[in-house]
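In: Sequence first, predicted coordinates after that:
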Amino acid sequence: RHVVREHHSVRPMSAITRLVSRLPKGAHARFMSGGSHAEHVEVMEKWRVITYVGLPVVAAFGTFVMYRHFAHHHEHHDKIAYPHLKIRSKPFPWGSKDCDLFDFACKKAAYEEANA
């Protein structure tokens, strides 16, 4: 024989729900605004001044750094031909056998060699 039990309409409460229900009313609410309208205006004006002062400072520093970077000569050393750097197991899809995608000097030399 099969016994059918009645289902109760009250669901069991989870542990978190029980803990939250024990807190005082409004204790678990999150208040994001923080302060009065006057405080918000004051903070907004502070950040407006910081922005108007900070942006020219960042622009001046960026200009100084770029000037210092381009003011002196950069030495370009010859590449050392290590044997493990140019191992090719299949040709490149752009048709060049040994030239990288943006190695225009190599492509030009290969083109001139092929047409010579």
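Out: Looks like it came in fine. Note that this is a predicted model, so its numbers are computed, not measured.

In: how close does residue 41 get to residue 47?
Out: Residue 41 sits 11 Å away from residue 47, taking Cβ to Cβ, to the nearest Å as the criterion. (C-beta placed from N, C-alpha, C; glycine too.)

In: Quick check: neighbours shared by those two?
Out: Jointly contacting residue 41 and residue 47 under the rule Cβ atoms under 8 Å, 6 or more residues apart in numbering is no residue at all.

In: Longest helix of the protein, counting residues only.
Out: In the chain, with assignment by DSSP state H, the single longest helix is helix 37-71.

In: For this protein, give me the ranges with low pLDDT.
Out: Within the chain, the ranges that satisfy pLDDT under 70 run 1-13, 19-21, 23-34.

In: try 80
Out: Across the chain, the ranges flagged by pLDDT under 80 are 1-35, 74, 85-88, 91, 94-98, 116.

In: ok, residue 101 touching residue 95?
Out: No. The criterion here is Cβ atoms under 8 Å, and residue 101 misses it with residue 95 at 11.0 Å.

In: which SS class is residue 98?
Out: What DSSP: H, G, I helix; E, B strand; the rest coil gives for residue 98 is coil.

In: oh sorry, the question was meant for residue 92
Out: Applying three-state DSSP: residue 92 is coil.

In: wait, it sits on residue 101?
Out: Yes. Look at residue 92 against residue 101 with Cβ under 8 Å: they come within range, at 7.4 Å.
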